[in-house]
Structure formats: C-alpha cells, structure tokens
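1. show me how the following folds:
(2 chains)
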Amino acid sequence: MTGYVTRRHAVALLAAASCLVAGAAAQAQNSIKIGYAISKTGPNTGGASITTLPNYQLWVKEVNAAGGIMLSGKRVPVEIVEYDDRSNSEEAVKAVERLATQDKVDFILSPWGTGLNLAVAPIMNRLGYPHLAVTTNTDRAPELAKRWPNASFWLGLPSDISTSFVDVLTKMKNEGKIGANVAMIGVSDQFGIELSTAARNALKKAGFNLVYDKSYPVGTQDVQPLLKDAMAANPDTFIAFSYPPDTLGVTDTAKVLNFNPKVFFVGVGTAFPVYKQRFGENANGVMGIGGWNADSPALKDYFKRHTEAIGREPDRWASPITYASLQALQQAIEKVGKIDREAVIKELQTGTFDTVIGKVKLEGGLLQNVWGVGQWQNGEFYGVAPAAKEGARQVIAPKPAWKP
Amino acid sequence: MLIVDIILGGLILGGMYALVAMGLTLQYGVARIMNLAYGEVLIAAAFASYLLFTAFALSPLVGMILVLPAGFAASWLIYRVLLVPLVRRAKTRDALEVDSILATFGLLFVVQGIAFVLFGGQYYSYSYLSVPITIAGSTIAVNRLIAFGFAVALSLILYAFLMRTRTGTAIRAVAVDPTAASLVAIDVRKVAGLAFALGGAMCAAGGVLVSMFLTFNAAMGVVFTMKALIVVIMGGVGNLLGALVAGLLLGLVETVVARLVDPGLTLVATFTLFLTVLLVRPTGLFGRTGR
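-> Sure thing, here's the model as predicted:
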C-alpha cells in the first residue's frame, strides 16, 4: 500500500518535473540560433558572395519578417552567428566546432564550395547537425551521402552535367546542326578533371571527334595560347570547364579572336549576373553550367525579391537551389516542431518540400534531376539540359557570331 | 604565324607581369619594406578605375591621372604613419624587413576588409578596348597591348629618373647603403618614403591597366603579390630593368610552353625557370651580391 502511494507520488513528481522542464525549454526557445562560416576573404570569396551569402541573408530577412520559424504553433525568430572561414578548410572546421560547442547554435548552414563542404562534413556528422552541402559538386556524392547520412547534396553530379550536355550535342549532330569536331579545355583541379573526364567518355561514346583536349592550371591569366590552338583545330563545338575569372577571360578572348564555333560552352560563372553585364548582347547563344526555368512564377518572384533585398541579381545555377535548401530546412524544422536535429535530419531525408524550384525530394541524400546546362537567350539564362526537365528550352544553334 | 604569335603573346603577358612587379621592386629594394599588402593596393586601384569607368564613364587611361597620384599619396601616408615608427625602431635592415612583413600583413586584411565592405566579394569586370588588332598576322587585344606599352614606357621613364636626376641618384644611394647615404647628407627616411610612394603609384598604374582585361574581386590581391614577388626576386631586388626582363621572360616561357608543349605545364615551367635563376644567380638576374 505504502509502495503504491510512493509510486503514485513519484509519478506525479515526475510529471510535474517534466512539465517544468518542458516549460523552461519552451521559454528558452525565444529564438532559433543559426550559425555559419562563410568565405569573406581568400579565393572562395567570389563564389560565396554570389551564390551562398546573399541567399542566407535573404532567407533570414524573410523568415524574420514573417515572425520566424513556426515551432509547435509559435513563431520563433532566427538569430545569426556568422564567421569568416578565410577560404581555409582548417578555419572552416574550427568555426563549425566553435558554433556547436561555444555558441551552441541550433543549426549550422554550409560553407561555399566542394572543398570546404567536404572538409566540414566529418565534424558536422560527428556533432549530429544536418549538413545541406548545396554547393558541392563531386561524383563521389552518392557514396558520401551514405557515409554521412546527415549530409545532402543538391547540385547533381559533374558527370550528369557532362552527359546531359553531350546528349544535347548528340541530338544537334543527328539533326545535322553541328559536325563531330569538338575542342575542349578544362581547369586542372578536381572539378575540371571530373567534368572533362565524364565529357571525354560521353563524347567518344556518342561518336564525336576530340580535335583539341587540354587542361590549364588554376589562376591562368592569359588563355590566348589555348584558344588559338583550339581555334586552329576548327571545331564545331568548343567546351571550357572553367572557373569564373577564366570563364570571362575565355569569352573575352574568343570575342577578340573572332572565334565562332557553332556551340560555345563555358563553365562556372556563365550563370553569374556579371557575365550578362560584361558581354551584353554577345552573351546570347553562349551555353554554360547551370540554368533555370526563368518562366516559372515562383522563380520570377524569387528573382525579384533577391534583386530588391540584395541589390543585385542571383546567379542562375546554385542560387535558387541554395534558397530552396533553406526552405526545405525550415519546413523540416516546422514539421518536427522542435529543435530535434536527429528528427530534422530524418525529415530532410524523407520529406517532400515546397520550394522556389518546385517540389523537392531528396533521394539517397541527393537532389536528382537538376539543371546541368543553360543557354543565354535574350538576356536570360534558360535551362536546356536535361532536355526532359520541365521548362527546358530549345538550344539556339549556331551561336550568333560575336559583335564587336 | 606561330612564331610571331608566341613572341607577341609572350611579350604582352610578360609586360603585364613586369608592370605588376615594378612597384614592389621599388618598395622592397629601396625602402626595404616587404609590402605584403601590395596586391590589395593594386586591387584598390582596379576598383577605383572600375568606379570611374562605370559611374562617370571615364576611360581608365584618363582615370589614371586621378588614380596614380592617389596611389602615390596613399602609399606615402602609409609609410609615414605605419612604417616610419618601424624604421625608427629597427636596429638592422633585417629586423626592419621582418617588422614590415608583419605590419603589412595586417594592412593586407584592413585593405581587403574595406574593399569587401564597399564592393562585396563578387567578381567585377568591365569592357574597355577589348577589340582585336592584327600585328604581323597575329591577333591580340588592344587593351593588353596598351598595358604592355605602359609597362615598357613607365619602366623606361623611371629608369631615366633614377639614372639621370639628383633625386634618382639619392634613391639609388639609399638602396645600396643607407648608412653611407646619410653620411653624404641624404635624408634617408625622406628618400625611402619617396621610393615607397613611387612604388605605390606604379602599383596603382598596374591595377588600373590589368582591370581593363582581368576579372577581379576584393579577395584577389594575394595573387598579384605572389606573382610580383617572383618577378622581383628573379629580376634582382630593387632593379627596375631586372623586373622588366624577368617579367618578359616569364611571359615568354609561359606562352612557349602553352603553345608548343602543353598548357597544363605553364606553372611548372614558371617555377622551373624561377628555381634555375635562383640556383645560378641567387641574387636574381640583375641583383648585386654583398649588400
């Protein structure tokens, strides 16, 4: 009898205690602390300042303007802790550790670029934070997503970019729009090598003829020697798997040399607003990595909000995807209803989210079916490949000749 | 014509390297300040030129009339405020070198930070005289040709200034031996400040000219500092003609390798040349031993 009473008392006590704890927790959750380390100095600054940071800023601004993230019926504003990772992987890892252990943030957003995301992935995994490694582009992504279930990859695989591009080229060749000769250059780091290798294999399989195929070191400031030799090989298609400064340099040099292949493809940076600003009408017909469905009302609205809040246009490749990843994170947190990182990770893996790029559902930690190739058409960078995607435009070929 | 292509392309690329390096060779060779913020100043000049071009439609070449004196003044101020205390404190030239490296390393982040706040980290590029010109059957961009012309002209003018004028002689005297220079009534600190400021003006000229054809952002200064350092050390510290020759040589080798061997090996070729020069002549092509 006494035993029963004590047990009942104990249960009551426990219940009361748990109420108190829950009350305290709810009271403490006046804000959701979100931290990130991003490159504000060093070689990654360019990419981070175009694709990643503006979207973090835009998202936080919009979420807080709406009152915050909905946590079990109550809107909780977002608070930001920001560090500069100095484009250095050790700094990035240290910053993530500091965010988790000292700042005790609730969620951590990812840095910019494949290298830094892979650098912080093990620690994000160990600390149990969801890792939305949006700007990571590597063929190892499926394997990495298995190793780190908390991580997700949103840009597709480099080999997908190359093969979807070759599919487009093959179709054009079969229609008699272009011949079989291809000249290809690529930057000699992991990114350039993965894209070039995949393209080389796909081109050979599709019966193309590689008349020029060279790589160049990162940071090359004069691409004229490469372009002169590529031009001498008289290709129908010119491909450059390049980084932003070289992308602009290659285009400018091609214009100066009046190098007019039927298809002109350049790498990262083609989708950046600076490309359009720099080349104006001459951008028309240029193909490059990325693209988006510019006719979609959701993206049109996003474009407007981004331009108004940040003061410049978004890039037309990873920007909307970065924003979509943040929307997915928010919806996953709201669905879970509390700060439970494990549950949020699970929700991100399995849930379907409504974003600016449409319905998003990750498969095996990867966002499949993203734009690989786009083309500038009348001042807009439309997605053209994979051709099966909704909103894919017809390729304009041959590219109009450069105007002086 | 492959041979014309290579020589012309190589000289023009090399001219850019020389242009970027000449200011540093003055600052390092005479004022003995190893200015790690050199590239940042260059980028600042590039931004200034971008602003003048986009906001006021001022051609970079006209803009230079404003940017060059600004570079001179800013560098002079940096020397007076930041570096003179170090010069005063330093017991030996080596100690000054170490101190100046630390101080300018800090300055690097200050200038970079200001550029980031003002312009953000994204890439900037504008089109100016990006038109072809054909010389002896080889096509090149006019803006690069102009930069090359400026590199040669500026180095010749500065060379004449150093060789023919009284102030120039004083600068050379300080470069050779500051103690002896002060014995013959040369105000070493003033002359060193002048050399540092002149270097800053050259650096600004480099920034304006490369901004006509290179894409840049707030974080890119270190790229130019590194390249300039290689050219300066290869040419012989403090030697203007050395910087010009070393720059042209690097450009030529890079272009030869890119066209005749493999573009992937240009960096290898650059550093092989650099190492060879250092092994054969540790003080650089035109450097003097026994300072």
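2. for the residue nearest to A:E281 when sequence neighbours are not counted, helix, strand, or coil?
-> Residue nearest to A:E281 in three dimensions, not counting chain neighbours: A:K403, with 6.4 Å by CB to CB, 6 or more residues apart in numbering or on different chains. Every C-beta, even on glycine, is put in place using the N, C-alpha and C of the backbone. Following DSSP: H, G, I helix; E, B strand; the rest coil, A:K403 is assigned to coil.
3. tally up the residues packed near A:K403, please.
-> 10 (other CB atoms under 10 Å in any protein chain shown).
4. that one reaches A:N282, doesn't it?
-> Yes. Contact criterion CB atoms under 8 Å: A:K403 and A:N282 qualify, at 5.9 Å.
5. for residue 125, grab phi and psi.
-> You didn't say which chain, so I picked chain A. Dihedral pair for A:N125: phi -70, psi -40, per degrees, to the nearest 10.
6. think we crossed wires, I meant chain B
-> phi -160, psi 140.
7. ditto for A:G186
-> Main-chain torsions, A:G186, degrees, to the nearest 10: phi -150, psi 150.
8. surely it touches A:D246?
-> No. Here A:G186 lies out of contact with A:D246, judged by CB under 8 Å, at a distance of 10.1 Å.
9. which residues do those two both contact?
-> By CB atoms under 8 Å, 6 or more residues apart in numbering or on different chains, A:G186 and A:D246 have these common neighbours: A:216, A:240, A:267.
10. of the residues you listed - the most surrounded one?
-> A:A240 leads the shared contacts of A:G186 and A:D246 on contacts (other CB under 10 Å) with 29 neighbours.
11. in this structure it contacts A:V263, no?
-> No. Using CB under 8 Å, A:A240 is not in contact with A:V263; the gap is 11.6 Å.
12. remind me which residues of the chain are low pLDDT?
-> Going with chain A. Applying pLDDT under 70 to chain A picks out residues A:1-28.
13. try chain B instead
-> For chain B (pLDDT under 70), the answer is B:289-291.
14. tell me how many other residues crowd whatever residue of the stretch 51-200 of chain B ends up closest to chain A.
-> Here the stretch 51-200 of chain B gets closest to chain A at one residue, B:G121, 3.0 Å apart by CB to the nearest CB. B:G121 has 25 neighbouring residues, counting by other CB under 10 Å.
15. any chance you could map the helices in the stretch 151-291 of chain B?
-> B:166-176, B:178-183, B:188-210, B:221-235, B:240-256, B:266-280 (DSSP state H, counting those that start in this stretch).
16. for the shortest one, name the packing helices and strands.
-> With contacts defined as 3 or more CB pairs under 8 Å, 6 or more residues apart in numbering or on different chains; DSSP states H and E, the packing partners of helix B:178-183 are helix B:166-176, helix B:188-210.
17. adding distance to B:F116, write those helices out as CSV.
-> Output for the helices and strands packed on helix B:178-183, formatted as CSV (distance: least, CB to CB, whole Å):
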stretch, distance to B:F116
helix B:166-176, 35
helix B:188-210, 17
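18. ranking these by burial, who's on top?
-> Stretch with highest mean neighbour count among the helices and strands packed on helix B:178-183: helix B:188-210 (a mean of 25; mean count of other CB atoms under 10 Å in any protein chain shown).
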